[in-house]
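Student: Just the structure for this:
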Amino acid sequence: ITMLTLDSYVQEQPIKQYIVPYTDPVFCQAMIKWLVPTDQPIQALEHPAFQNMMNIAAHAKDGVKI
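Tutor: The predicted model follows:
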């Protein structure tokens with residue numbers, strides 16, 4: 001009897017980064033975690049450039065890499 005292996009059929013897959021599903025509470029928590037330690041004023045969230053950046057990121061299918 002010859003013993004066969006699956007080695008030629010098994011391929012290593014790259015690890016995909018887990019993307020946290022969007023919810024309003026998760027977004028608010030992430031926003032606070034960014035605002036406070038970076039000493040951003042609350043008005044930064046209302047700035048048109050920030051709003052534009054968020055709108056672009058909202059359409060990312062696999063998260064956003066910075």
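
Student: wait, what's in contact with residue 20?
Tutor: Remark: with contacts taken as Cβ atoms under 8 Å, 6 or more residues apart in numbering, residue 20 is in contact with residue 26. C-beta coordinates here come from the backbone N, C-alpha and C atoms, glycine included.

Student: list the contacts for residue 66?
Tutor: When contacts are counted by Cβ under 8 Å, 6+ apart, residue 66 touches no other residue.

Student: how about residue 43, secondary structure?
Tutor: The assignment at residue 43 comes out as helix when based on DSSP: H, G, I helix; E, B strand; the rest coil.

Student: ok, it - how many residues close by?
Tutor: Other residues near residue 43 number 8, with proximity taken as other Cβ atoms under 10 Å.

Student: Over to residue 18?
Tutor: Close neighbours of residue 18, defined as other Cβ under 10 Å, add up to 7.

Student: Quick check: the gap between it and residue 60.
Tutor: With distances taken as Cβ to Cβ, to the nearest Å, residue 18 is found 14 Å from residue 60.

Student: What of residue 5?
Tutor: 40 Å.

Student: the more surrounded of the two?
Tutor: Under the neighbour definition other Cβ under 10 Å, residue 5 and residue 60 were set side by side, and residue 60 has more, 10 against 7.

Student: dump the residue contacts of the more buried one.
Tutor: Taking Cβ under 8 Å, 6+ apart as the criterion, residue 60 is in contact with no other residue.

Student: report the longest helix in this structure, please.
Tutor: The helix that spans the most residues within the chain, counting by DSSP state H, is helix 24-35.

Student: Going along the chain from that helix, find the next helix or strand for me.
Tutor: With elements assigned by DSSP states H and E, the helix or strand that comes after helix 24-35 is helix 48-57.

Student: what's the model's confidence in that next one, averaged?
Tutor: With pLDDT averaged residue by residue, helix 48-57 scores 92.

Student: tilt between that helix and helix 24-35?
Tutor: The directions of helix 48-57 and helix 24-35 differ by 130 degrees, with axes from the mean of the first three to the mean of the last three Cα atoms, to 10 degrees as the criterion.
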